[in-house]
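> Got a predicted structure plus its sequence, pasted below:
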2 protein chains.
Amino acid sequence: MLEVSGTPKPGNVDRERDLGDLRFEHFMAGAVGSGRGLRRAERGATVGVAFERAVAGMSRQSGGNTQFGCLLLLTPLVSAAADGDLTPEGVSRVVERTTVEDAAAFYRAFEHVDVAVADPPPDADALDVRRGAEAEPALRSRELSLLDVMELSARPQNAAESAVEGAGEPPDEARVPDGNAIEWTTGFDRTFEAAEAIRNDDGPVTDRAARAFLRILADRPDTLVAASQGAETARGVTRRAAAIGEDLEAAAELAAEFHAEGINPGTTADLTAAALFVALERGLQV
Amino acid sequence: MLEVSGTPKPGNVDRERDLGDLRFEHFMAGAVGSGRGLRRAERGATVGVAFERAVAGMSRQSGGNTQFGCLLLLTPLVSAAADGDLTPEGVSRVVERTTVEDAAAFYRAFEHVDVAVADPPPDADALDVRRGAEAEPALRSRELSLLDVMELSARPQNAAESAVEGAGEPPDEARVPDGNAIEWTTGFDRTFEAAEAIRNDDGPVTDRAARAFLRILADRPDTLVAASQGAETARGVTRRAAAIGEDLEAAAELAAEFHAEGINPGTTADLTAAALFVALERGLQV
């Protein structure tokens, strides 16, 4: 909720903008709805079960997908916090504990809501996340944990492509790897870095959130922009964000431009939300 | 959260306006913080205990009082919903069950946060809510339930004044009775009426919330405006709201005026939030 309240967040829903029929209140309802699943993670549920329940709760509003990627980051972070070790090492231990059951729950979560993802190549779609529960036999036969799935998605190709045995062709440079999966496989490196920047920033939390968003956007191409509008557009967005720095007035102009161009850096918002959670757990006051 | 997201709500925090250091994110954090107390009401806790816990949780942000009055309405409504009878009769049964323990918890809740209330007369302040837990002996000696306290506040005088035995003078016409206390003593009449209007309205829930706010504001003087700026100002606010009806564009202009004049109709927002809860429980979709 702090993330969606951060304004301006160019291309995303914030206090000033809705995105057509995807409105601010859908994010409120999505966040509240996800609470029960996240509280299960707090009480020790596995990441897969907690995530799938959080997504189910999030989906009890009519706007569509509001926080799927955000919850994919938050769930292991909540588990790590509940373990009393919200650090890169602590969350790495959480994701290393995941099993094929967590992977199956992750795939089932796609059945609750339509999530924008890149197309897999037509000849290697057994692990396309849009298969939902139908992917379970493939997951089990390959004994893939949820961390394994994330490692496949973190490569410059997507999971389905990478899962093909012997598909050792060099990564397609036109592709943008999944930013959330990269967090899973790197101890949530960018999340913790953004959290510290938020804590060291000044002013209202929502302004800090907006500046965190701008920094993350300027850092690497956004996965959702790449999936929906192509890697070159995503790289252009990164350059345009880098050009304005942390200037919130310039960001308001960029928000108008991105809105007109239909550019929606959703993965950057996911990282911002995850960073806000870490910052709050480490003492950030609202 | 839907209430504070309703925009424009003239004089209140909404998506377009903060009120100085009382900002939108404080309402987000206050609402989330109150959740644990409200869930206790859902699981059968007494109204006093659930309310006091909800206020304690709400107060874990730095903006000050965000939803005290709102929670005073929501807590018995949640209890009634948990009883499976969210009707005027059902919530009346809930408030009739309250005891002196609930009253004592209500007074303790004032110790968590500064709440704007009208001054009691200097000679009759034993039940001034600002006494907090110190009022407990007076509550016990008079055997006042929380409903009794609300009945005193619902009169045109305030509770402290009314509690003086034999103080049978005619009500001071300059005074505005407590709008939330009136709900407690009338089966939440205005809340249920506003909930039905929200359900029968069209469009995004936040626009419906804004129109509900305008209707409630035009209906009767706002208690918080009366407490902070006097009954005549409160009556003027009512007239100005009545003049614009449900026109959200005109409401945006009124919001600018009220902001400049420091007019903050907080009790009207409380009623709007309560009505949204009832509407959601009765099937309103976000």
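Thanks, I have it.

> is the strand or helix carrying residue A:37 anywhere near chain B?
Using DSSP states H and E, residue A:37 maps to helix A:24-42. Yes - Helix A:24-42 lies within reach of chain B by CB under 8 Å from any CB of the partner chain, at A:24, A:25, A:26, A:28, A:29, A:32, A:35. Every C-beta, even on glycine, is put in place using the N, C-alpha and C of the backbone.

> ok, the fourth one to residue B:280 distance?
Distance from residue A:28 to residue B:280, counting by CB to CB, to the nearest Å: 12 Å.

> Repeat that for the second one.
With the distance defined as CB to CB, residue A:25 ends up 11 Å from residue B:280.

> cool, the third one as well?
Distance, residue A:26 to residue B:280, by CB to CB: 14 Å.

> Can you work out which residues contact both of the two?
Shared contacts of residue A:26 and residue B:280 (CB atoms under 8 Å, 6 or more residues apart in numbering or on different chains): residue B:286.

> Which residue of the two possesses the greater neighbour count?
Using other CB atoms under 10 Å in any protein chain shown, the more surrounded residue of residue A:26 and residue B:280 is residue A:26, with 25 against 18.

> Now the more buried one. Nearest residue, chain neighbours left out?
Leaving aside its chain neighbours, residue A:26 sits nearest to residue A:63 (2.8 Å; criterion: CB to CB, 6 or more residues apart in numbering or on different chains).

> Now do the contacts for the residue in the stretch 151-286 of chain A that chain B sits nearest to.
Residue of the stretch 151-286 of chain A nearest chain B, by CB to the nearest CB: residue A:286 (4.2 Å). Residues near residue A:286 by CB under 8 Å, 6+ apart: A:2, A:205, A:280, B:25, B:26, B:28, B:29, B:61, B:62, B:63.

> next helix or strand past the one helix or strand in chain A whose mean pLDDT sits lowest?
Ranking every helix and strand in chain A by mean pLDDT, DSSP states H and E puts helix A:159-162 at the bottom, with a mean of 41. The element immediately downstream of helix A:159-162 (helix or strand, assigned by DSSP H and E) is helix A:179-185.

> C-alpha coordinates for that next one, CSV please?
Only the C-alpha atoms of helix A:179-185 are listed here, as CSV (Å, rounded to 0.1, in the frame of the first residue of the first chain):
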residue,chain,number,x,y,z
GLY,A,179,13.9,-9.1,-12.4
ASN,A,180,12.0,-10.9,-9.6
ALA,A,181,13.7,-14.2,-10.3
ILE,A,182,17.0,-12.5,-10.2
GLU,A,183,16.2,-11.3,-6.7
TRP,A,184,15.5,-14.9,-5.7
THR,A,185,18.9,-16.1,-7.0
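
> can you give me how far the helix or strand that that helix is followed by is from the chain middle?
Downstream of helix A:179-185, the next assigned helix or strand under DSSP H and E is helix A:189-200. Distance of helix A:189-200 from its chain centroid, counting by CA atoms, centre = their mean, to the nearest Å, is 15 Å.

> Show me what counts as buried in helix A:189-200.
A:190, A:191, A:192, A:193, A:194, A:195, A:197, A:198 (16 or more other CB atoms under 10 Å in any protein chain shown).

> Stretch A:230-241 too?
Buried residues in stretch A:230-241, counting neighbours by 16+ other CB under 10 Å, are found at A:231, A:233, A:234, A:235, A:236, A:237, A:238, A:240, A:241.

> Run a quick neighbour tally on the nearest residue to the fourth one once chain neighbours are set aside.
Which is residue A:235. Nearest non-adjacent residue to residue A:235, counting by CB to CB, 6+ apart: residue A:221, 5.1 Å away. As a burial measure, residue A:221 scores 23 neighbours (other CB under 10 Å).

> And for residue A:147?
Neighbour tally, residue A:147, other CB under 10 Å: 22.

> which SSE is it in?
Per DSSP H and E: helix A:146-154 holds residue A:147.

> shared neighbours, residue A:28 and residue B:280?
B:2, B:286.

> what about the residue nearest the centre of chain A, which SS state?
Taking CA atoms, centre = their mean as the criterion, residue A:69 is the residue nearest the geometric centre of chain A, at 3.2 Å. Per DSSP: H, G, I helix; E, B strand; the rest coil, the secondary structure class of residue A:69 is helix.

> can you list the weak-confidence ranges in chain A?
Counting by pLDDT under 70, chain A shows low-confidence ranges at A:120-124, A:156-175.

> Flag every residue of the stretch 151-286 of chain A that's near chain B.
So far as CB under 8 Å from any CB goes, the stretch 151-286 of chain A lies against chain B at A:204, A:205, A:206, A:285, A:286.

> which ones among those residues are found in strands?
Within those, no residue falls in strands by DSSP state E.

> of the residues you listed, buried ones?
If we count by 16+ other CB under 10 Å, these have these buried: A:204, A:205, A:206, A:286.

> Can you convert these into CSV and add a column each for distance to residue B:178?
Formatted as CSV, those follow (distance: CB to CB, whole Å):
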residue, distance to residue B:178
A:204, 32
A:205, 33
A:206, 32
A:286, 29
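
> Touching stretch A:245-257 from outside, list them.
A:8-11, A:14, A:16-17, A:207, A:210-211, A:214-215, A:218, A:240-241, A:244.

> For the closest residue to chain B within the stretch 51-200 of chain A, the count of nearby residues, please.
Nearest residue of the stretch 51-200 of chain A to chain B (CB to the nearest CB) works out as residue A:61 at 4.7 Å. By other CB under 10 Å, 22 other residues sit near residue A:61.

> doesn't it fall inside a strand?
No - counting by three-state DSSP, residue A:61 is located in no strand; its state is coil.

> what are the phi and psi angles of it?
phi -150, psi 160 (degrees, to the nearest 10).

> Can you tell me, leaving aside adjacent residues, what's nearest to it?
Nearest non-adjacent residue to residue A:61, counting by CB to CB, 6+ apart: residue A:29, 3.8 Å away.

> residue contacts, that neighbour?
By CB under 8 Å, 6+ apart, residue A:29 lies in contact with A:60, A:61, A:63, A:66, B:2, B:286.

> How about the fifth one, nearest residue that isn't a chain neighbour?
Ranked by CB to CB, 6+ apart and with sequence neighbours excluded, the top spatial neighbour of residue B:2 is residue B:276, at 5.0 Å.

> didn't the one you found look like it was pressed against residue B:211?
No - using CB atoms under 8 Å as the test, residue B:276 is too far from residue B:211 to be in contact (11.9 Å).
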